[in-house]
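Undergrad: fold the following.
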Amino acid sequence: MSPLHSFVRRHRFSTFVALTFVLTWVPWLTVAWLLRTGRPPVVTTLVLIGGFGPFLAAVLVAAAGGDLRPWLGALVDIGAPLGVWAAAVVVPVALYVLALGVFLLAGGGFDRASVLPAAAVPAVVLATFIRGGLEEPGWRGMALPVLQRSVGAFRASIVIGVIWALWHVPLFLLPGSSQAGTPFWLYVPAVVGISVIATWLYNAAGGRVLVPVVFHTLSNAVSVTTATGVVGDGFTSQVGLLVVVWAVVVILVWRYGTDRLASKPLPEGGLDFVTVDDSGRPGKSRDDVFGDEQT
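TA: Numbering: from 1, shown residues only. Have a look, this model is predicted:
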């Protein structure tokens, strides 16, 4: 095993996080700076490139660690149980519909005529797949299987959720982004809660990344679609989403516990967690920040 492979395998999580922020924040902060002098044509391209940060970082970590082929195999495996696939489709719709219900009960309004037409839905889904769903090979496909072996599924979800929310910070500086104008202190716990739900789906799917990809894509698509009809205080709608998301989180923790957040063993995500120590004997991989990984 080369020194690079050994280093990356021992530091997968921290390497992935560092690469993700570099690959995303450099183009996104460049956009924030460029927008101070107008809107040059390159802005849209740079925003799109930055969105691929988690995916590209995961590819680099998997390749450098010698895990690329099995890791890619986990990305295209469709063998999750049908019930899990159904949950990946139904849960994001239910989250935002219930959040809308909470918003309406709190006095908000909803203008059906302002909702995006059905003909626009395929384009919205495609856009949210490219600008949301393709993050999942990084967050759930790389970071989660590594970290939850160290600290358990629930705590790993919290850590990844916080990092995931912080990763979006430059978008709060970009006029016209979905994050612009959103209170960050409400955004973070909502993202953390969604991270827990995504972990449940990933683990229930046996590490098949396409399941959280579908969940993430549809979550963003439903959010964009329903947001166009919301009439009233955006703060209240954010609170409604927060209440619904964390109600689901409480149910999941009560049902499955914090170690696995699912009835299945923790998946490995196509990653080889066995290393070779200085004496040539196999041993456990470990992460430099979060300690020994558990099998």
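Undergrad: quick check: closest non-adjacent residue to residue 153.
TA: Distances taken as Cβ to Cβ, 6 or more residues apart in numbering place residue 261 nearest to residue 153, at 4.0 Å, with adjacent residues excluded. For every residue, glycine as well, the C-beta is placed using N, CA and C.
Undergrad: confirm the one you found sits in a strand?
TA: No: using DSSP: H, G, I helix; E, B strand; the rest coil, the secondary structure at residue 261 is coil, not a strand.
Undergrad: distance from the chain centre to stretch 248-258, please.
TA: Here the centre of stretch 248-258 is set off from its chain's centre by 19 Å, with Cα atoms, centre = their mean, to the nearest Å.
Undergrad: check stretch 128-141 too.
TA: Mean-position distance between stretch 128-141 and its chain equals 6 Å (Cα atoms, centre = their mean).
Undergrad: my guess is residue 131 contacts residue 51. True?
TA: Yes: the pair residue 131 / residue 51 is scored as a contact, 5.0 Å apart, by Cβ atoms under 8 Å.
Undergrad: quick revisit: the residue nearest to residue 153 - how many residues pack around it?
TA: 28 (other Cβ atoms under 10 Å).
Undergrad: looking at it, it is touching residue 154, isn't it?
TA: Yes: with contact defined as Cβ under 8 Å, residue 261 reaches residue 154; the gap is 6.0 Å.
Undergrad: what sits in contact with each of the two?
TA: 196, 199, 253 (Cβ atoms under 8 Å, 6 or more residues apart in numbering).
Undergrad: of the residues you listed, buried ones?
TA: 196, 199 (16 or more other Cβ atoms under 10 Å).
Undergrad: let me have the shared contacts of residue 261 and residue 154 in TSV, extended by secondary structure.
TA: Listed next are those as TSV, based on three-state DSSP:
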residue	secondary structure
196	helix
199	helix
253	helix
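Undergrad: for the shared contacts of residue 261 and residue 154, give me TSV that also has pLDDT.
TA: Shown next, in TSV, are the shared contacts of residue 261 and residue 154 (pLDDT from 0 to 100):
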residue	pLDDT
196	98
199	98
253	97
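Undergrad: nearest to residue 183, of the shared contacts of residue 261 and residue 154?
TA: residue 196 (20.5 Å; Cβ to Cβ).
Undergrad: surely the closest one meets residue 247?
TA: No: checked against Cβ under 8 Å, the pair residue 196 and residue 247 is beyond contact range at 11.7 Å.
Undergrad: low-scoring stretches of the chain, by residue?
TA: Applying pLDDT under 70 to the chain flags residues 1, 275-295.
Undergrad: do that again at 80, thanks
TA: Low-confidence segments of the chain (pLDDT under 80): 1, 37-40, 112-115, 176, 228-234, 274-295.
Undergrad: mind listing the strands for this protein?
TA: With DSSP state E as the criterion, the chain has strands at 109-110, 230-231, 274-276, 282-284, 286-287, 291-292.
Undergrad: residue 103: what's it in contact with?
TA: Contacts of residue 103 by Cβ under 8 Å, 6+ apart are 110, 230, 232, 236, 237, 240.
Undergrad: now it. Nearest residue, chain neighbours left out?
TA: Spatially, and ignoring its direct neighbours in sequence, residue 103 is nearest to residue 240 (4.2 Å; Cβ to Cβ, 6+ apart).
Undergrad: how much space separates the one you found from residue 101?
TA: The gap separating residue 240 from residue 101 is 8 Å, by Cβ to Cβ, to the nearest Å.
Undergrad: between the two, which one's more packed in?
TA: Taking other Cβ under 10 Å, residue 240 and residue 101 do not tie; residue 240 has more neighbours (22 against 13).
Undergrad: surely the more buried one meets residue 96?
TA: No: using Cβ under 8 Å, residue 240 and residue 96 do not qualify as a contacting pair, with a distance of 9.3 Å.
Undergrad: my read: residue 154 touches residue 196, true?
TA: Yes: with contact defined as Cβ under 8 Å, residue 154 counts as touching residue 196 (6.6 Å).
Undergrad: so what sits against both of the two?
TA: Joint contacts of residue 154 and residue 196 (Cβ under 8 Å, 6+ apart) are 253, 261.
Undergrad: report the separation between residue 168 and residue 113.
TA: Counting by Cβ to Cβ, the gap from residue 168 to residue 113 is 31 Å.
Undergrad: let me fix that, I meant to ask about residue 266.
TA: In this view, residue 266 and residue 113 are 47 Å apart by Cβ to Cβ.
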